[in-house]
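Visitor: compute the structure for the input listed below.
(one chain, ligands or ions: 1)
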Amino acid sequence: MALADDAHPMRKVTREVAYSKSGWSRGRRDKVRELFDSMAQEWRTKSSEGRLLALRDALERGGLERKARCFEVGCGSGNVTSLLMDYFDQTVCLDLSFNMISLVSQDVDRFLADASNLPIKDASVDVLVVLNMFLFPEEYSRVLKAGGSILWASSDGDRTPIYLPPVEVAKALGDEFSCLGADAGQGCWLVGTKMATFD
Ligand SMILES: C[S@@+](CC[C@H](N)C(=O)[O-])C[C@H]1O[C@@H](n2cnc3c(N)ncnc32)[C@H](O)[C@@H]1O
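Guide: Okay, the predicted model is just below:
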């Protein structure tokens, strides 16, 4: 069943942060962190083939370079991290919640960070994977190289709180990105590639 648009507080945050830097505040960050800290053990069990369909389809058809270093932003307990490790040359995980990131396999580089203010150099990232996670367009664009991509995906579409329709994801990313996407299973995905600019 679809959640009424914007009725869920987390949906409201999702939309506001996608369109405005001021949508994310210290208060919101602390509440979100507390919520996901409390959900970490349960989140680990939320793994099913159905939940992987959108990501699998994006990896198959999204045209992403395999010889890339991918940052999984808001990786949660790392339920899809092995899929990314199989696809990309290098995978690095990050999350706001200590309890979540502690559950990610020690085989992968992982760190605690707020995706709205990444401890990553400008124009240094090949691929950002953003699954069931907030979009911070300006910050994601800052860290991506020209030609680098954001793989945004939602496992369960509008049944989940942290969701935006793909057309809105493309709008929030702006003209700097060239986008393609598709529905897959109960979810959907979009790959936005940052175009090179010529001055
Ligand atoms: C809905 S869960 C999705 C987890 C994982 N991507 C998945 O699909 O299984 C959202 C995750 O994003 C993390 N998160 C939320 N806001 C964040 C932020 N500003 N920076 C980094 N991680 C964040 C949460 O702690 C949580 O682990």
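
Visitor: and for the residue nearest to the spatial centre of the chain, nearest residue in space, chain neighbours not counted?
Guide: The centre of the chain sits closest to residue 130, judged by CA atoms, centre = their mean, with a distance of 1.2 Å. Distance criterion CB to CB, 6 or more residues apart in numbering; nearest residue to residue 130, sequence neighbours excluded, is residue 152 at 4.7 Å. To be clear about C-beta, it is placed using only N, CA and C from the backbone, and glycine gets the same treatment.

Visitor: for that neighbour, grab the count of nearby residues.
Guide: 29 (other CB atoms under 10 Å).

Visitor: this structure: helices as residue ranges?
Guide: 9-19, 26-43, 49-61, 81-87, 98-101, 137-143, 166-173 (DSSP state H).

Visitor: of these, which is nearest the ligand?
Guide: Of all the helices of the chain, helix 26-43 sits nearest to the ligand, with 3.3 Å by CB to the nearest ligand atom.

Visitor: for the protein, what lies in contact range of the ligand?
Guide: Residues of the chain lying near the ligand by CB under 6 Å from any ligand atom: 32, 36, 74-76, 79, 95-97, 100, 114-116, 131-134, 162.

Visitor: looking at this structure, which strand is longest?
Guide: strand 144-154 (DSSP state E).

Visitor: show residues contacting it.
Guide: By CB atoms under 8 Å, 6 or more residues apart in numbering, the residues outside strand 144-154 that reach it are 54-55, 58-59, 62, 64, 123-132, 135, 140, 160, 162-163, 166, 169, 173, 177, 187-197.

Visitor: try stretch 72-79
Guide: 36, 40, 43-44, 46-47, 51, 80-81, 84, 91-97, 100-101, 103-105, 108, 110, 115, 118, 128-134, 140.

Visitor: can you tell me which of these are buried?
Guide: Among the contacts of stretch 72-79, those buried by neighbour count (16 or more other CB atoms under 10 Å) are 36, 40, 43, 51, 80-81, 84, 91-97, 100-101, 103-104, 108, 110, 115, 118, 128-134, 140.
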